[in-house]
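J.: Got a sequence here, can you model it:
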Amino acid sequence: MPLVNYIKSTLYTIKKKQSAAYAEELYVNLQLSKSLPHGEYAVISDLLLPNDGPFRTSQIDHIIVSTHGIFCIETK
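T.: Coordinates of the predicted model:
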């Protein structure tokens, strides 16, 4: 039974961290969308790219595309 409790506790901690990270990503997306001029910048959030690695995809939190360059932002 202690092993089951440990697994439940670990899964709860992981789920809690994931939901907090998602909320932070939404906040950053909102701030980027509000503060960058729409005609000059495009904000792409939560982009999944296929790859040949063990997880088969890579996730990028935010990409900003403009005439000044392409910027990738990883939200922590």
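J.: And what about the residue most central in space within the chain, helix, strand or coil?
T.: A centroid search over the chain (CA atoms, centre = their mean) returns residue 61, at 3.4 Å, as the residue closest to the centre. Here residue 61 is recorded as strand under DSSP: H, G, I helix; E, B strand; the rest coil.
J.: list the contacts for it?
T.: Counting by CB atoms under 8 Å, 6 or more residues apart in numbering, residue 61 touches 25, 28, 45-46, 73-75. C-betas here are computed from N, CA, C, even on glycine.
J.: same thing but at 7 Å, please
T.: Residue 61 makes contact with 25, 45-46, 73-75 under the criterion CB atoms under 7 Å, 6 or more residues apart in numbering.
J.: would TSV of those residues with neighbour count and secondary structure be doable?
T.: Compiled in TSV, the contacts of residue 61 are given as follows (neighbours: other CB atoms under 10 Å; DSSP: H, G, I helix; E, B strand; the rest coil):
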residue	neighbour count	secondary structure
25	18	helix
45	18	strand
46	14	strand
73	15	strand
74	10	coil
75	16	coil
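J.: mind giving me TSV with the residues you listed and columns for distance to residue 54 and pLDDT?
T.: Output for the contacts of residue 61, formatted as TSV (distance: CB to CB, whole Å; pLDDT from 0 to 100):
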residue	distance to residue 54	pLDDT
25	23	85
45	25	89
46	21	85
73	24	93
74	20	90
75	23	84
